[in-house]
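Participant: dropping the sequence and predicted coords here.
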Amino acid sequence: RKKLLVDVDCGVDDAQAIMMALAEPNVDILGITCVRGNTNVENVCKNVLRVLQACRKLQIPVFRGVDKPILGKVISAGDFHGQDGLGDVPDPNAPGLDHLQSEGAVSAMIQIVNENPGEVSLVATAPLTNLALAVRMEPTFPSKLKGLYIMGGNTESRGNTTVCAEFNFAADPEAAYIVLNEFLCPTYIAGWEFTCYHKLPWSWCDAWLAQDTEKARFMARIFRKSIETSKSERSQAELVDGIGFVSCDSYAMAAAIEDDFITESEQVAVTVELTGTYTRGMMVLDKLGLLKKNHKAFVMKKVNMKRFEELMMDALK
Ligand code: BDR
Ligand code: CA
């Protein structure tokens, strides 16, 4: 069985990734940790609880994490995901925050991994603030992970948030820097452009949401706003490889769930630009090896899309 720890800033694609993992019979989610990103951490916690309730999995422990980047200004993605992170469709029956665990996210991550050394894959689909603090609190934390799966960063300097930076790295560049330089475990990265090159057709999305299930109706409700934005001329994703539906965070999740999901990757040392006027938060790929870093990440290039479609479909069954 696969043991996952999932760190999210629960916007709509985080919700899709969580639902993918919840639907997989061979996957145990040991905990979901929340961090500020698409929206503030309180909303993120509420959103995760709503997703778990929609999937009847409220027994999975959820932990509140950090509500501020390590340095620099706070950014959010309310224009895309909705100000509340889940499409601004309030749910009067949403579970209360009393469902959260009392322990904080960072210490919970450390404890869960200590209890399962070498067995836990950490899927990070958000700014990497919680992870950076975890390695500061417990320097051996990364070495006890089975693997780290990140949605974030970019490979062709096409930003979706600033000129050159992808949202999760732009929202906390220092945290991304710490993680890419100090998590010396097997690391798999689904960067922004990669996800855009693996879009699904909107007709596929229509059929996906039209499934006659409670989960599909939940997804259709929370997804409506970002579908409108995606289809509008403001769409960032469309600028990379044309129109279609991209569930960014779900690629990192699929890679963690399915051993042979990644069919082609580039093994390369990666870091993050911290000081550039235009490039702060941009992922840097050391293709020439000039940084002399021994640790190399697997930057995802091609994946098994047939399997991805199945995993996505199963998520709403
Ligand atoms: C990433 O930014 C967030 O808005 C999404 O949830 C995803 O994790 C894409 O750049
Ligand atoms: Ca996310």
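Facilitator: Cool, got the structure. Numbers count the residues shown, from 1 in each chain. Ligands and ions are numbered 1, 2, ... in the order given.
Participant: let me see the contact set for Gly152.
Facilitator: 124-125, 127-128, 166-169, 176, 189-192, 283 (Cβ atoms under 8 Å, 6 or more residues apart in numbering). For the C-beta atoms, the positions are set from N, CA and C on the backbone; glycine is no exception.
Participant: all strands of the chain, in order?
Facilitator: Secondary structure of the chain (DSSP state E): strands located at 2-8, 27-34, 62-63, 120-125, 145-151, 187-190, 262-272, 283-286, 297-303.
Participant: export those to TSV and tack on distance to Ala255, mean pLDDT and mean neighbour count?
Facilitator: Below are the strands of the chain laid out as TSV (distance: least, Cβ to Cβ, whole Å; pLDDT from 0 to 100; neighbours: other Cβ atoms under 10 Å):
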stretch	distance to Ala255	mean pLDDT	mean neighbour count
strand 2-8	11	99	24
strand 27-34	13	98	22
strand 62-63	23	99	26
strand 120-125	8	99	28
strand 145-151	5	98	25
strand 187-190	5	98	24
strand 262-272	5	98	17
strand 283-286	17	98	20
strand 297-303	7	98	20
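Participant: closest one to Asp241 among those?
Facilitator: strand 297-303 (13.4 Å; Cβ to Cβ).
Participant: do that closest one and ligand 1 meet?
Facilitator: No - judged by Cβ under 6 Å from any ligand atom, strand 297-303 and ligand 1 are separated, with a smallest distance of 13.9 Å.
Participant: what residues of the least confident helix or strand in the chain by mean pLDDT count as buried?
Facilitator: Of all helical and strand segments in the chain, the minimum by mean pLDDT, DSSP states H and E falls on helix 78-81, at a mean of 90. For helix 78-81, the buried set under the neighbour-count rule, 16 or more other Cβ atoms under 10 Å, comprises 78, 80-81.
Participant: between the contacts of Gly152, which is nearest ligand 1?
Facilitator: Phe167 (3.5 Å; Cβ to the nearest ligand atom).
Participant: for the closest residue to Met253 other than its chain neighbours, give me its contacts.
Facilitator: Nearest non-adjacent residue to Met253, counting by Cβ to Cβ, 6 or more residues apart in numbering: Ala17, 3.9 Å away. Shown in contact with Ala17 (Cβ under 8 Å, 6+ apart): 6, 8, 123, 125, 151, 247, 249-250, 252-253.
Participant: model confidence for Ala17, exactly?
Facilitator: Looking at Ala17, its pLDDT is 98.
Participant: also Glu233?
Facilitator: 63.
Participant: on that earlier part again, ok, which of the contacts of Ala17 also contact ligand 1?
Facilitator: Within the contacts of Ala17, those near ligand 1 by Cβ under 6 Å from any ligand atom are 125, 151, 249.
Participant: give me the number of residues near the residue nearest to Lys46 when sequence neighbours are not counted?
Facilitator: Among residues not flanking Lys46 along the chain, Ala94 sits closest, at 6.2 Å (Cβ to Cβ, 6+ apart). Using other Cβ atoms under 10 Å, Ala94 has 15 other residues around it.
Participant: so for Ala94, what's the pLDDT?
Facilitator: Taking Ala94 on its own, its pLDDT is 97.
Participant: with Ile243 instead?
Facilitator: Ile243 is given a pLDDT of 86.
Participant: that one contacts Trp202, correct?
Facilitator: Yes - using Cβ atoms under 8 Å, Ile243 makes contact with Trp202 at a distance of 7.0 Å.
Participant: who touches both of the two?
Facilitator: Counting by Cβ under 8 Å, 6+ apart, the residues touching both Ile243 and Trp202 are Lys231.
Participant: wait, what's in contact with the residue in the stretch 201-317 of the chain positioned nearest to ligand 2?
Facilitator: Using Cβ to the ion, the closest approach of the stretch 201-317 of the chain to ligand 2 is made by Asp249 at 4.8 Å. Asp249 makes contacts with 8, 13-14, 16-17, 125, 151, as judged by Cβ under 8 Å, 6+ apart.
Participant: any idea how far it is from Pro90?
Facilitator: 23 Å (Cβ to Cβ, to the nearest Å).
Participant: kindly report the same for Arg50.
Facilitator: Distance from Arg50 to Pro90, by Cβ to Cβ: 10 Å.
Participant: which of those two has more residues huddled nearby?
Facilitator: For Arg50 versus Pro90, neighbours defined as other Cβ under 10 Å are more numerous around Arg50 (22 against 8).
Participant: does the more buried one really touch Gly96, like I thought?
Facilitator: No - Arg50 lies out of contact with Gly96 (Cβ under 8 Å); the separation is 11.0 Å.
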